[in-house]
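Engineer: I need the structure of the sequence given here:
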Amino acid sequence: MEKGVERWAVDISEWNPTSHQFSFALSLLPQHHHSSVTRFVKMEDRKRALVSRLLQYALVHQVLGIPFHQIIVRRTIEGKPYLEYDEVNPEFPNFNFNTSHHGDYVAIASEPLCLVGLDVVSPIIPGKETILEFIQNFSQYFSAWEWNCIVNAGSSDEILVEFYRLLQESVLSIAVKVLAQKTSNAAGSIGSSSSYSST
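Structural biologist: Okay, the predicted model is just below:
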């Protein structure tokens, strides 16, 4: 991968910190991040929030070499983290990163030029419903062909894997269509407002 492009994922399933260990890890973050971690009631949610924020600081430090005490991470109105830093790095003019977590996984991705998005989905086996009852809640979002692929995938585990695979494909397909439309609109407005002369 090119410099500035990073993809990290952490499996937190076996990290069961004592309250002292958790407090120590939390103390590594600036004070203004503490409430965004401790606001969660469940320890699993707190762990995901803490690891997400620690990954942000570790990634910025590793890629840009900024000392930890000088790193300031803020969030946009939409919740996307960004680096607040006065110096522009010519090697990474649009350095940005994004995090996501779900289930046992916390991940982060960065890009030096392009905007980066990230969405982690950990297949969850439903607790109070059968797998077929669980996926039935989403049937309206799939085509007849997709739904047939899901329900005829095989075992319950295979059905769940196919469900999540096709769900991810649907989301990516929608994102590509939106991006293509925005690109087409931008190209149209640039083309219509540009004037060309030939010599």
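Engineer: what number of residues lie near the closest residue in space to residue 95 that isn't next to it in sequence?
Structural biologist: For residue 95, ignoring the flanking residues on the chain, the nearest one in space by CB to CB, 6 or more residues apart in numbering is residue 112 at 5.4 Å. C-beta coordinates here come from the backbone N, C-alpha and C atoms, glycine included. When neighbours are counted by other CB atoms under 10 Å, residue 112 registers 19.
Engineer: Over to residue 112: give its phi and psi.
Structural biologist: Dihedral pair for residue 112: phi -80, psi -20, per degrees, to the nearest 10.
Engineer: That one is in contact with residue 3, isn't it?
Structural biologist: Yes - at 6.8 Å, residue 112 counts as touching residue 3 under the criterion of CB atoms under 8 Å.
Engineer: Quick check: neighbours shared by those two?
Structural biologist: Each of 91, 92 lies in contact with both residue 112 and residue 3 under the rule CB atoms under 8 Å, 6 or more residues apart in numbering.
Engineer: A strand includes residue 107, no?
Structural biologist: Yes - counting by DSSP: H, G, I helix; E, B strand; the rest coil, residue 107 is found in a strand.
Engineer: which residues does it form a beta bridge with?
Structural biologist: residue 9, residue 100 (DSSP bridges).
Engineer: show me the contacts for the closest residue to residue 11 other than its chain neighbours.
Structural biologist: The shortest distance from residue 11 to any non-neighbouring residue, by CB to CB, 6+ apart, is to residue 104 (5.4 Å). Contacts for residue 104 were tallied using CB under 8 Å, 6+ apart; they are 11, 12, 13, 122.
Engineer: Which is the succeeding secondary structure element to the helix or strand harbouring residue 37?
Structural biologist: Element membership for residue 37, per DSSP states H and E: helix 31-38. Using DSSP H and E, the helix or strand that follows helix 31-38 in sequence is helix 43-64.
Engineer: what comes up buried for that following helix?
Structural biologist: 46-60, 63-64 (16 or more other CB atoms under 10 Å).
Engineer: ok, residue 76 touching residue 83?
Structural biologist: No - the pair residue 76 / residue 83 is not scored as a contact, 11.8 Å apart, by CB under 8 Å.
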